[in-house]
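> Sequence unavailable; structure follows:
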C-alpha cells in the first residue's frame, strides 16, 4: 500500500484485510480450487471510505489494524478478476481479487478520471470497482456496499448482541484470528433429546401414579391432555418466533424480550428465572425423596414374583406385590412381618406384629383390641393385578380425600364400624382436589425451551427448533397419556393412591413395575433428578446474567459481572440462596405449584408475543415456520391463564403482582431500549385507531382540557432562557393531556440540521428534569415569524392537536433598541387568535415557583373582566391539582359598572361557581366613571411621543455607518435566534447604501429631509394625545390600581388579555397598555380564550 497523501478536503483510503487462508473468504473455497491451494498468498479486498483530512496523517499500521471493525470491508462481487484463477499471480500489482488497474494508467488517464469522477485527488492503486460505484462513493461511509452487507451476514455470530466475546472477536485482526470449530448439532441431538431429558422429570416417577389414583383415569387423562395441549400450542408460537430471523444465544428470554419489549421481557425473564430456580429446589426435593427410598430398600428384602397377566395372551410381564388389607382399609407394610392377625411358630399360634399394633396385649384372652380390627379380617390382594383383571373400572373415577383419611378399597367387604385411627393404616398426607393435581403435574410437561436455549449450538436453528420441539412434545404426550391408561388398567387403586409406597414396603409404585428389580427405576430416577437439579442450578444464573447485561433493571447490574472464565459468581450465589428457600419448604407438593405459576406466565407471554406479531402484521414478521395462527396462540394463552388460576389462584395473583411490580419498575427506573418489539407496534396501532376516532368531531366541552404548545426561547448556546415556562406547563398539566414543546431556529435546514438536533436534545433533557410528558418539535425556518406560524399551524396530528399556546412575556422590550422582539410577540398573538386557539402569556416567569416549592397558604386571584369561554375558571382549578398550588385558595373578582347591580352580580356569580363545582371566594369590584386624571394624559402623551420620535428620527452619517456594519455582521454570522426576536425584519433601519456618490440633486434632497426632521421635532412638542389612546390608557391605569390594591399579595394573578389592535400602527401602544395593566404585580398570567366554551355546568 502506498504512503498516504495529504489533501485539503477529503481523501479516499483503502482498507484491506489479509486472511491467512483463501477458505476464510466466503464462497471461494468451493468454487476456486486453484485459489484454495495458495494459502500463503495475500488476498486483498477493499472498499472506499470517505475520511477526514486528519486521519490521512496517521500511520497506516494503525489504520489497517482498525479496518476489521468496519462494516464496509468485504469482497467485491462486481470484480471480474475473481472468475479466472490464472489472473492471481505473484505480481504485487495483480494479486488483488478486486484488481488494481491504477498502475496501468498513465498520468493523463488519472487526470481525466479525476476531472470527471470527483473533485478530490485519487491516490495510486485505486480499484477498478471505484469507477463503477463512483456515483455513490460520497455516501459509502453511511451506506455500505451490498457485498459488505452480505459479508457481515456470512460472518454472523450467535453470541448475544453486546457480549464481551463478540466485541473482542470483532477487534482482532483477520491475520491473528484462529479458526474456531464450534459444535454444530442437528435436530435429534440438539433439540429432540434435550427436550426429552428436560420434560421427563421427577413428577413422572414420583407423582404420576398418585395423580392417576386420586383423580381417576378420566380426570387424570384430562389433566395430562390439557397440560400437553398448553405446551404444544406454546411450542407452535415459540417455533414461529424462533424462525423469524436469527435467534442469538439467549433462548426464551431473548425471544420474549425482543418480541414484547424490555418491560415485559424483564418481568417475564425474572419470572422465568425464579421458575428455573424453584425447579432446582423441586428436583433436589425429589432426589431426597428417592434417596430415602434407597435407604429403605437397603434395609428391606424385596420379594419379586413374575407372573403373566391372567387370561391375556400377551408378552407383558408384571411384577406382583401383595397388599395387606384390613377389611377395606389399606395397611402399611413397613413394620408388618406377615399379613395376618396370627402366625404359627413351632405348631403354635401366636399373635403377629399386626396384633400388637391394634391390641393392648400380646395375649389372646386378656387383650382389648380395636373394634374395627375385631370385626374385619386381614386379607392380601394383588397390588398389580394386570390388564385382564378389569381393575380399570374401579380406577376410572376420582377419589379425592381430605388430609388424614385412610385409603380404602371401595369394592372390598367391611363391617360398618369406625374403630380408632391407627398409624399402621396408609393415610392421606394432603387434602386433594382437581386444582391441586393440576398444579403438581404441570412441571412434568415443562422443559420445551431446552431446544431454543441451545440455538447458538445448532447447525440450522430455524429448522431444528420447530421440528425437534414439536416431536419431543408429541413423544412425551404419548408416553404420559399411555401411562395414565396403563397405570389405571394394571395397578390396584389403593396402591396408586399410596403416594409414598407404604403398602408395598416403601417402594416407588413405578418401581414395582420395573424389571428385574425396583432398583432400576430408583437409581435411574435419582440420577435423573440430580442431573436436572444441577442443570437448573447452572442455567438459572446464566439467565440472570443475561437479564443483568441487558441493563434494563438497575438493581441487577451487580449480577452481570462474572469471572475471567465467564462464570456468573454473584448470580450463582443468589440462585443458591433462592433454591435453598424452596428446599426449606420441604414438600414437593408445595413447591410444584409455585414452579407451575412462573412457567405458565412465561408460556403465556410467548403465546401473546406470537399472537400480537401476527395480528399487527409488522413487515419484519416473516417466520419460516408456517403452521401457526393467531387463534392458536390466543387459545394457548387462554389455557395458560386458566391453568394458573385452576392450580392455585392465590399463587397466580402473587406471580402477577410480582411481574407487574417489575414491569412498572422497569418502566420508570429502567434503561430505555428500542428492540422493535410488538408492544410498540401495538401502541402505534392503538394510537392510529384513537386518532381516527378523535378525528370524527371536535371534543365536547366536558372533555376539553388545555393541550399545550409551549414556545421556548433559546440563547446562542442552545440553552433554554426561561425553563420555568416548562415548570409551569408541568404544574398546569399534572401529567395529563398533550404537551408539545416547540422552538424555532432561524436559518437554512441543510446547514442548521445539527444545531436543530442539539437543541432538540437539550429541550428533551429539560423536559425530563421538569417531568413534562410530551413531545418536542423544532422548526428551522428562514424567518422567525414563519417558523412560529408553522408550529402553530402544523403541530399535532389529527385530533391530538394543541388548543392552547403558552409563551413568555418579552421582558425589556422598552429598553431594547430593536423593535423586532415585541413585533414578533404581537404577531404570535395575532396568529393564535386567527387559529382560534387559547393563549397564555406568563409575565415575570422567573418568579414562578419550581416543582420543589410548595405554598402553604396564599391566593390565586382571577380577574374576570370579559367572558372568554371559561378559561379563567378552569385554569386555577387545574393548577390546584398540583402539589405546589394545592393549599392556595381561589378568589374571583369581577368588575361592575355604574349601571350594574353589584349585589345581584355577586349572587349570580356564586350560583354559577356552585354549579361549576368550583370552590372560590367571590368579590365584585365597583368601578365608577371618573374623570381622566392628568397622570393618564401624561402617560399617554409620553407613549405617543416616544412612538412618534422613533418614527421620525433620522440617523447621522456616522450612525448609519455603524448601523450598516451591524446589519452586515448579523447577515454574515450564523447566529441562532429564538422566540422573542426576529432578525429577518428590518424595522426602523434603512437599507440605503452607506457609500454614495453625492450629486447636487441628492445633496438638496438630503437637506430637505433634514428640514422635515426638524419640523417633526417641533411637532412632538406641540402634539396632543389621541383620545382613543387616552381612553385605553385610562382603563389600564384604573384596572391596575384596583388589581394592585386587591391582589398585591396574591401568589398568582390571572386576568383577561385584551386583543391586539386591528391597525398594526398601534402595536407599540398595545404593548404599553399591557405593561401598564400588569404593573406592580409579581406573577401574572394573561389569558386569552380561543372563542369556544371550555367549561360547563352540566354533567
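Noted; the coordinates are in hand. All values derive from a computational prediction rather than experimental measurement.
> In the stretch 651-800 of the chain, where is pLDDT below threshold?
Counting by pLDDT under 70, the stretch 651-800 of the chain shows low-confidence ranges at 670-672, 674, 676-678, 696-698, 734-735.
> Do a quick rundown of the helices in it.
Assigned by DSSP state H, counting those that start in this stretch, the helices in the stretch 651-800 of the chain fall at 678-694, 724-733, 753-769, 784-794.
> Pipe these into TSV and attach mean neighbour count per row.
Every residue, glycine included, has its C-beta placed from N, CA and C. Compiled in TSV, the helices of the stretch 651-800 of the chain are given as follows (neighbours: other C-beta atoms under 10 Å):
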stretch	mean neighbour count
helix 678-694	14
helix 724-733	24
helix 753-769	16
helix 784-794	19
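> Indicate which one of those is closest to residue 569.
Nearest to residue 569 among the helices of the stretch 651-800 of the chain is helix 678-694 (33.7 Å), distances taken as C-beta to C-beta.
> Quick one: closest of the helices of the stretch 651-800 of the chain to residue 1055.
Per C-beta to C-beta, nearest to residue 1055 of these: helix 724-733, 16.2 Å.
> Now do the helices in the stretch 201-350 of the chain.
Assigned helices in the stretch 201-350 of the chain, in chain order: 202-206, 208-242, 251-299 (criterion: DSSP H, counting those that start in this stretch).
> Identify whichever of those lies nearest to residue 476.
Checking these against residue 476 by C-beta to C-beta gives helix 208-242 as the closest, at 7.6 Å.
> Just the buried positions in the closest one, please.
Neighbour counts over helix 208-242 (16 or more other C-beta atoms under 10 Å) mark 208-217, 219-221, 223-224, 226-242 as buried.
> That helix to helix 678-694, inter-axis angle?
70 degrees (axes from the mean of the first three to the mean of the last three C-alpha atoms, to 10 degrees).
> Give me the average confidence score over helix 208-242.
When pLDDT is averaged over helix 208-242, the result is 94.
> In terms of secondary structure, what does that helix contact?
helix 251-299, helix 392-395, helix 434-441, helix 461-490, helix 493-496, helix 588-616, helix 630-647 (3 or more C-beta pairs under 8 Å, 6 or more residues apart in numbering; DSSP states H and E).
> any chance of those in TSV, plus distance to residue 798?
Shown next, in TSV, are the helices and strands packed on helix 208-242 (distance: least, C-beta to C-beta, whole Å):
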stretch	distance to residue 798
helix 251-299	25
helix 392-395	65
helix 434-441	48
helix 461-490	40
helix 493-496	65
helix 588-616	20
helix 630-647	28
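> Quickly compare these and say which is most buried.
The highest mean neighbour count among the helices and strands packed on helix 208-242, using mean count of other C-beta atoms under 10 Å, belongs to helix 493-496: a mean of 27.
> didn't residue 797 look like it was pressed against residue 691?
Yes. Contact criterion C-beta atoms under 8 Å: residue 797 and residue 691 qualify, at 6.2 Å.
> re the thing from before, out of the helices of the stretch 651-800 of the chain, which is closest to residue 442?
Of all these, helix 678-694 sits nearest to residue 442, with 26.3 Å by C-beta to C-beta.
> ok and that closest one relative to helix 588-616, angle-wise?
If you take the same axes, to 10 degrees, helix 678-694 sits at 50 degrees to helix 588-616.
> Helix 678-694 to helix 251-299, inter-axis angle?
Angle of helix 678-694 versus helix 251-299, following the same axes, to 10 degrees, is 130 degrees.
> Which elements pack onto helix 678-694?
helix 251-299, helix 588-616.
> pLDDT of the longest one, averaged?
It refers to helix 251-299. Helix 251-299 shows a mean pLDDT of 82.
> other SSEs contacting that helix?
Under the contact criterion of 3+ C-beta pairs under 8 Å, 6+ apart, helix 251-299 touches helix 202-206, helix 208-242, helix 450-453, helix 519-549, helix 569-585, helix 588-616, helix 649-669, helix 678-694.
> can you put these in a markdown table and add distance to residue 854?
A markdown table is the format used below for those (distance: least, C-beta to C-beta, whole Å):
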| stretch | distance to residue 854 |
| --- | --- |
| helix 202-206 | 59 |
| helix 208-242 | 50 |
| helix 450-453 | 53 |
| helix 519-549 | 38 |
| helix 569-585 | 41 |
| helix 588-616 | 42 |
| helix 649-669 | 22 |
| helix 678-694 | 34 |
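> Out of these, which gets nearest to residue 439?
For residue 439, the closest of the helices and strands packed on helix 251-299 is helix 588-616, at 3.5 Å, according to C-beta to C-beta.
> That closest one packs against which elements?
helix 202-206, helix 208-242, helix 251-299, helix 434-441, helix 569-585, helix 630-647, helix 649-669, helix 678-694.
> a strand runs through residue 564, doesn't it?
No. Per DSSP: H, G, I helix; E, B strand; the rest coil, residue 564 lies outside any strand segment and is coil.
> Please report the number of neighbouring residues for it.
Neighbour count of residue 564, defined by other C-beta atoms under 10 Å: 5.
> what does residue 399 give?
Residue 399 has 20 neighbouring residues, counting by other C-beta under 10 Å.
> Next, the contact list for it, please.
Contacts here follow C-beta atoms under 8 Å, 6 or more residues apart in numbering; on that basis residue 399 touches 213-214, 216, 410, 493, 497.
> What about residue 1058, how many residues nearby?
17.
> nope, residue 1096 is what I was after
Residue 1096: 13 neighbours (other C-beta under 10 Å).
> which residues does the closest residue to it other than its chain neighbours contact?
Nearest-residue entry for residue 1096: residue 701, 4.6 Å, with adjacent residues in sequence omitted and distances by C-beta to C-beta, 6 or more residues apart in numbering. Shown in contact with residue 701 (C-beta under 8 Å, 6+ apart): 1092-1096.
> you'd agree residue 472 is up against residue 190?
No. Under the criterion of C-beta under 8 Å, residue 472 is not in contact with residue 190, lying 11.5 Å apart.
> a markdown table for the helices and strands packed on helix 588-616, including distance to residue 415?
Below are the helices and strands packed on helix 588-616 laid out as a markdown table (distance: least, C-beta to C-beta, whole Å):
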| stretch | distance to residue 415 |
| --- | --- |
| helix 202-206 | 35 |
| helix 208-242 | 25 |
| helix 251-299 | 32 |
| helix 434-441 | 32 |
| helix 569-585 | 41 |
| helix 630-647 | 39 |
| helix 649-669 | 42 |
| helix 678-694 | 67 |
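> For residue 533, which of those helices is the nearest?
Residue 533 lies closest to helix 251-299 among the helices and strands packed on helix 588-616, at 3.5 Å (C-beta to C-beta).
> What does residue 328 show for phi and psi?
phi -110, psi 10 (degrees, to the nearest 10).
> begin at 609 from here
With the count now opening at 609, the last piece we talked about shows up as residue 936.
> Residue 1293 contacts residue 1224, correct?
Yes. Taking C-beta under 8 Å as the definition, residue 1293 is a contact partner of residue 1224 at 6.0 Å.
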